[in-house]
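Chemist: coordinates for the following, if possible.
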Amino acid sequence: MSEEAKQYTLNEVSSHRTKSSLYIAVHGKVYDVTNFIDEHPGGEEVLLDEGGKDATEAFDDVGHSEEAYEILKRHYIGELKDAPPPSITIKSTPYEKTTQPESPSNFGIFIPIAVLIAYIAYKYVSQS
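Modeler: Now for the predicted structure:
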């Protein structure tokens, strides 16, 4: 028998933003991170700053490890009722290079012609 997750409004989440009761919302899910405040590797200030609100952007911007996602799952208490629909974002690194087929250019034929002219000039000069 599966239980339906408790639904929280953002207003309800916002009433839990102290060290003694701290909720955050990430990707439409609500987490009670009160017992994790002292263990958070980034310090308690980070959690307290994001406490009581949708912390999705802040959570994603940090680039958390897989272990962090597993820890977050342990603190799950319900769903954010008025969460914005999930958006699909594709992040690319600034070093990513997209390859496109090269357009034909006349420069490709210039090199063999230059080599041929140089060879003919060499032969002409060496015969003299």
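Chemist: okay, CA-based contacts and neighbour counts for the rest of this
Modeler: OK.
Chemist: where along the chain do the helices fall?
Modeler: 10-14, 44-50, 56-62, 66-74, 107-127 (DSSP state H).
Chemist: nearest to Lys81, out of the ones you listed?
Modeler: Nearest to Lys81, of all those, is helix 10-14, at 7.4 Å by CA to CA.
Chemist: in the closest one, what counts as buried?
Modeler: Within helix 10-14, the residues that count as buried by 16 or more other CA atoms under 10 Å are Leu10, Val13, Ser14.
Chemist: which of those residues lies closest to Ala114?
Modeler: Nearest member of these to Ala114, counting by CA to CA, is Leu10, at 71.3 Å.
Chemist: how far away is that closest one from Lys19?
Modeler: 18 Å (CA to CA, to the nearest Å).
Chemist: over to Asp54?
Modeler: 17 Å.
Chemist: neighbour-wise, which of those two wins?
Modeler: Asp54 (23 against 18; other CA atoms under 10 Å).
Chemist: pretty sure the more buried one contacts Tyr23?
Modeler: No. Using CA atoms under 8 Å, Asp54 makes no contact with Tyr23, being 9.4 Å away.
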